[in-house]
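Colleague: Structure of the sequence below:
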Amino acid sequence: MIKISKFLFVILFLGVFSTGLSDIIVTYKSGECRVDLYGNGKWKDVSVNMNLNESSVIKTGDDGEVEIEIDGDRVAIGRDVKVSIGSIVENLRERKKLAWFSKLPSVFRSLVEARSKQKEPTIMGVRGVMEDEGELGWMDYMEEEGPSSRFQNGKEFYNEASYVKAINILKDIIDAEELSLVREEVAFYLGASMFSNMQYKESLRYLLESMKDKNAYYYEVALINTSFAHYFVKDYRGAIDSFETYSQEFSEGNFKPYALLMLGKSHKVIGEKEKAKKYFREIEAGYRDTEVYSDAVNEMRGL
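Modeller: Numbers count the residues shown, from 1 in each chain. As a prediction, the model looks like this:
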């Protein structure tokens, strides 16, 4: 009887332990891609249908791209990056806690695309300046494979949710220091693509650079993306500062209730319960018809 009990305990323990693991498999690979399968410094080539685990680290070359599937979710890894699978899994789990978050990237894209169409294309406004300053001739600048053409392609890939393609093009433009007169706009599309592809830490550099002009058509989306990025990398103080800035600058903004919820959650994580309550109560009082209302109610429990 004792032996049976021990056996059942082991089975139960293994069952509980295994439920926390993710099913991770490589579904696509192109170019040079290496993997440290167990995080022990032993690298090997990535292959399609290879099983990974949360200890694995992927490193891609200048021409490398990998797509992995984690519990049914597809995640693309672009070229010239090194990323821990565990960090991707953690980000996926965190996002799934926010049931409404998965729809936001498409909302961000639609808002940016609509506002960009209300403006005269930025690149056209640069034409006279470039000619006056004796830079590239306009016809040379607009050549089929020139930087402006590639920038437009990058924007289109972002709008189509082809984030890895957008990242590859836009990072090349940034790294080559091309299109300096619209660098902040390029930085936004690069940062936003990285954010939507769950490269939150990497996205912050470019999103922050893009926000120098508060009148830019993409500024609101850049600011809210930056706020979420701080939260997902566990920089809760940075998240609080950024979400507060959004709430102040966009008091009637598209994402105000989300900002209030995340302010409450950030304060709650770092133990500032009274400040957390303030934001959850604000949602309960003024945003009962929003999808974050039930989240606020649930977060209030135990405070």
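Colleague: low-confidence ranges in the stretch 101-250 of the chain?
Modeller: 120-145 (pLDDT under 70).
Colleague: Would you map the helices across it?
Modeller: Secondary structure of the stretch 101-250 of the chain by DSSP state H, counting those that start in this stretch: the helices cover 104-117, 122-125, 127-132, 138-141, 147-159, 163-175, 183-196, 200-210, 219-232, 236-249.
Colleague: Can you tell me what sits against the last one?
Modeller: The set of residues that contact helix 236-249 without belonging to it, under C-beta atoms under 8 Å, 6 or more residues apart in numbering, is 214, 220, 223-224, 226-228, 230-231, 253, 255-256, 259-260, 262-263, 266-267, 269-270. Placement of C-beta: from N, CA and C, glycine included.
Colleague: Can you select the buried ones from those residues in ChimeraX?
Modeller: The ChimeraX selection below is limited to those of the contacts of helix 236-249 classed as buried (16 or more other C-beta atoms under 10 Å):
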select :220,223,224,226,227,228,230,231,255,256,259,260,262,263,266,267
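Colleague: quick one, which of the helices of the stretch 101-250 of the chain is nearest to K42?
Modeller: Among the helices of the stretch 101-250 of the chain, helix 200-210 comes nearest to K42, with 25.2 Å by C-beta to C-beta.
Colleague: tell me the domain ranges of this protein?
Modeller: If you go by automatic domain parsing, the domain ranges for the chain are 23-96, 98-300.
Colleague: So which of the ones you listed is the most surrounded?
Modeller: Highest mean neighbour count among the domains of the chain (mean count of other C-beta atoms under 10 Å): domain 98-300, with a mean of 18.
Colleague: picking that back up, for G61, find the nearest of the helices of the stretch 101-250 of the chain.
Modeller: helix 163-175 (12.2 Å).
Colleague: For the closest one, list the C-alpha coordinates in PDB.
Modeller: C-alpha atoms of helix 163-175 as PDB (Å, rounded to 0.1, in the frame of the first residue of the first chain):
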ATOM      1  CA  TYR A 163       6.100  42.200 -38.700                       C
ATOM      2  CA  VAL A 164       9.300  40.300 -39.300                       C
ATOM      3  CA  LYS A 165       9.500  41.600 -42.900                       C
ATOM      4  CA  ALA A 166       8.800  45.100 -41.700                       C
ATOM      5  CA  ILE A 167      11.500  44.800 -39.000                       C
ATOM      6  CA  ASN A 168      14.100  43.500 -41.500                       C
ATOM      7  CA  ILE A 169      13.600  46.400 -43.900                       C
ATOM      8  CA  LEU A 170      13.200  49.200 -41.300                       C
ATOM      9  CA  LYS A 171      16.200  48.100 -39.200                       C
ATOM     10  CA  ASP A 172      18.400  48.200 -42.300                       C
ATOM     11  CA  ILE A 173      17.300  51.700 -43.000                       C
ATOM     12  CA  ILE A 174      17.900  52.800 -39.400                       C
ATOM     13  CA  ASP A 175      21.300  51.100 -39.200                       C
END
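Colleague: Just the residues contacting that helix, thanks.
Modeller: 65, 76-80, 147, 150-151, 153-155, 157-158, 179, 183, 186-187, 189-190, 193-194, 196-197, 199, 206.
Colleague: With distance to L92 as new columns, can the helices of the stretch 101-250 of the chain be given to me in JSON lines?
Modeller: Putting those into JSON lines (distance: least, C-beta to C-beta, whole Å) gives the following:
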{"stretch": "helix 104-117", "distance to L92": "14"}
{"stretch": "helix 122-125", "distance to L92": "34"}
{"stretch": "helix 127-132", "distance to L92": "43"}
{"stretch": "helix 138-141", "distance to L92": "41"}
{"stretch": "helix 147-159", "distance to L92": "21"}
{"stretch": "helix 163-175", "distance to L92": "15"}
{"stretch": "helix 183-196", "distance to L92": "13"}
{"stretch": "helix 200-210", "distance to L92": "12"}
{"stretch": "helix 219-232", "distance to L92": "10"}
{"stretch": "helix 236-249", "distance to L92": "19"}
